[in-house]
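Undergrad: Return a 3D structure for these sequence lines:
(one chain, ligands or ions: 3)
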Amino acid sequence: MRLESGTSVIMRVEMDKQAVTFGELVSLIGRQGGDIVAIDVIQPGRRTEIRDLTVSVAEPSVIGALSDAVRAMKGIRLINVSDRTFLLHLGGKIQIRSKVPIKNRDDLSRVYTPGVANVCMAIRDDVNKSHSLTIRRNTVAVVSDGTAVLGLGDIGPHAAMPVMEGKAMLFKELAGVDAFPICLDTKDTEEIIAIVKALAPTFGGINLEDISSPRCFEIERRLKEELDIPVFHDDQHGTAVVLLAGLVNALKIVGKNIADIKVVVCGIGAAGVACSRMLLAAGVTRLVGVDKDGAIHRDEHYGNEAWNEFARLTNPDNEKGRLSEVIAGADVFIGLSRPRLLHNEDIRKMNSDPIVFAMANPDPEISPEEAGSSVRVFATGRSDYPNQLNNVLAFPGIFRGALDARARTISESMKLAAAHAIASIVTPDELNEEYIIPSVFNDKVVPAVRRAVVQEAINEGIARKVPSDFRNLD
Ligand SMILES: NC(=O)c1ccc[n+]([C@@H]2O[C@H](COP(=O)([O-])OP(=O)(O)OC[C@H]3O[C@@H](n4cnc5c(N)ncnc54)[C@H](O)[C@@H]3O)[C@@H](O)[C@H]2O)c1
Ligand SMILES: O=C(O)C[C@H](O)C(=O)O
Ligand SMILES: [Mg+2]
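TA: Ligands and ions are numbered 1, 2, ... in the order given. Model prediction:
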């Protein structure tokens, strides 16, 4: 079981009241580094009693010894120890609810047969009506095959589900978008394409999530071509949008020009490729990509076609070598790979005022503790450190805008507009090393991203509907 620091667990214990007092149990837990913060009596009794104790601990490492000590105590039976995060996941995190009640026959005959048949026929006569008369109007599929889940890798579709449920929650909580998690038990590119195409009548948009590279490129390209609803691989484009927003602001702090900097991107997978493309589009000229076998360069022919194209577009000096070599003279490090790949001695080789975005989840390429003060601007993908560069800042607002405008796709300029909208939420007065990017909870983020996305969709003729707040503006 993985536990966060400063966490709490719930211990379900059965006490034999003749053999032990509750006070003795409390002091034992205290001696083992636990603090009881809540008590629930689950099953009272004269001789034995079952209680749930919420125990807070400063360090997760003490939980094993604490549990052993409780288990060994005379008169106590330790029934179960649960992490609160696990408890929150019992039965999943989302549910489907009706929007209208069914209280009588009249209601029934309208939501269901016979009334519903008229609605069906209206859609048969004009399929566009499915966008207004069904959940399509506000519903996105979050589709994964479980092959690149966070930085945990190929953990399979069942294990991917908690992340996809989490994404669905974020869609709803942050942007009011109904999202449904779908984890597919196949890694076959053609099969995934066929399944998503077959699912499309149910949804207004497709958010691909945690599908490993290079298959993710082909899957997204084909689905974009073959469907007339937005298809967006979040790990590519959501990440790229947020990264660009963060970099634009970080460069203001160090006073460097985007055209002059050297950027090293570690991990040339889904996120690394898309982020690099976005940086090149934004004006970066010296970008070196590093993957498992070192820098990607033009003297090698790669089995991965995305890397051959990457080599053509990046690394102007055709640098070779490992991360610890090509990092020399870099102004910016961007990690989209795996935990703990960057070390302090690497940072010391970087240019003055280094910017380090260690974005691997859940554990970054270098911890803030190790990076320490040697880094001028530091960011991770996590919510428990300052500067959270996470695609959650992008995807809810992007899909909110795309659905509201019934956009047929999400274009490059819609993404660029979203990036600048996010960056501009941080005002010059607010901008500092620990605040380059707005918080996920900043309620200006989703409306600003939505507005930028809708406006671009209208400008580019991608919008099939002009939302009411965009009408009669002149
Ligand atoms: N903060 C965010 O918003 C955000 C968004 C997307 C992805 N990520 C993180 O980025 C990472 C990659 O995600 P992805 O979807 O691109 O996965 P991916 O599987 O497509 O790519 C991972 C890449 O890292 C490479 N890699 C593995 N070990 C390496 C090493 N030792 N040195 C250099 N490269 C190495 C792999 O070969 C692969 O190319 C994950 O940790 C993920 O959590 C963060
Ligand atoms: O899920 C996240 O927190 C961000 C991103 O989509 C990832 O895969 O790491
Ligand atoms: Mg992801």
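Undergrad: confidence score at the residue in the chain positioned nearest to ligand 1?
TA: Going by CB to the nearest ligand atom, ligand 1 is nearest to Gly269 of the chain, at 1.7 Å. Every residue, glycine included, has its C-beta placed from N, CA and C. Gly269 is assigned a predicted lDDT (pLDDT) of 95.
Undergrad: residue contacts, it?
TA: When contacts are counted by CB atoms under 8 Å, 6 or more residues apart in numbering, Gly269 touches 148, 212-213, 291, 336-337.
Undergrad: out of the residues you listed, which are inside strands?
TA: Per DSSP state E, strands hold the following members of those: Asp291.
Undergrad: Let me know the closest of the contacts of Gly269 to Ala379.
TA: Distance to Ala379, by CB to CB, is smallest for Leu336 among those, at 12.3 Å.
Undergrad: Check whether that closest one really touches Ala271, as I assumed.
TA: Yes: using CB atoms under 8 Å, Leu336 makes contact with Ala271 at a distance of 4.0 Å.
Undergrad: joint contacts of these two?
TA: What both Leu336 and Ala271 touch, as defined by CB under 8 Å, 6+ apart, is the set 239, 359.
Undergrad: Next, the contact list for Trp201, please.
TA: You called it Trp, but residue 201 is Pro. Counting by CB under 8 Å, 6+ apart, Pro201 has contacts 130, 136.
Undergrad: which SS state does it fall under?
TA: helix (DSSP: H, G, I helix; E, B strand; the rest coil).
Undergrad: and the gap between it and ligand 3?
TA: 26 Å (CB to the ion, to the nearest Å).
Undergrad: And that residue, how close does it get to ligand 2?
TA: Noted for Pro201: a distance of 26 Å to ligand 2, by CB to the nearest ligand atom, to the nearest Å.
Undergrad: What of Ser67?
TA: Here Ser67 is placed at a distance of 30 Å from ligand 2 (CB to the nearest ligand atom).
Undergrad: before we move on, what about Gln18?
TA: Separation of Gln18 from ligand 2 (CB to the nearest ligand atom): 50 Å.
Undergrad: Before we move on, what's the pLDDT of Val57?
TA: You'll see Val57 listed with a pLDDT of 90.
Undergrad: quick one, phi/psi of the residue nearest to it when sequence neighbours are not counted?
TA: Distances taken as CB to CB, 6 or more residues apart in numbering place Gly34 nearest to Val57, at 5.4 Å, with adjacent residues excluded. The phi/psi pair for Gly34 (degrees, to the nearest 10) reads phi -110, psi 160.
Undergrad: circling back: between the contacts of Gly269, identify the one with the most neighbours.
TA: Greatest neighbour count in those, by other CB atoms under 10 Å, goes to Leu336: 29 neighbours.
Undergrad: show me what contacts that one?
TA: 239, 265-267, 269, 271-272, 275, 359-360.
Undergrad: Report all helices and strands that the helix or strand hosting Gln455 contacts.
TA: Assigned by DSSP states H and E, Gln455 belongs to helix 445-459. Counting contacts by 3 or more CB pairs under 8 Å, 6 or more residues apart in numbering; DSSP states H and E, helix 445-459 is packed against helix 156-175, helix 395-404, helix 412-425.
Undergrad: and the stretch 201-350 of the chain, which residues reach ligand 1?
TA: For the stretch 201-350 of the chain, the contact set with ligand 1 under CB under 6 Å from any ligand atom comprises 212-213, 235, 239, 266-272, 290-292, 336-338, 341.
Undergrad: Can you list the residue ranges for helices in the stretch 101-250 of the chain?
TA: Under the criterion DSSP state H, counting those that start in this stretch, helices of the stretch 101-250 of the chain are mapped to 105-111, 115-125, 130-133, 156-175, 189-199, 215-226, 234-254.
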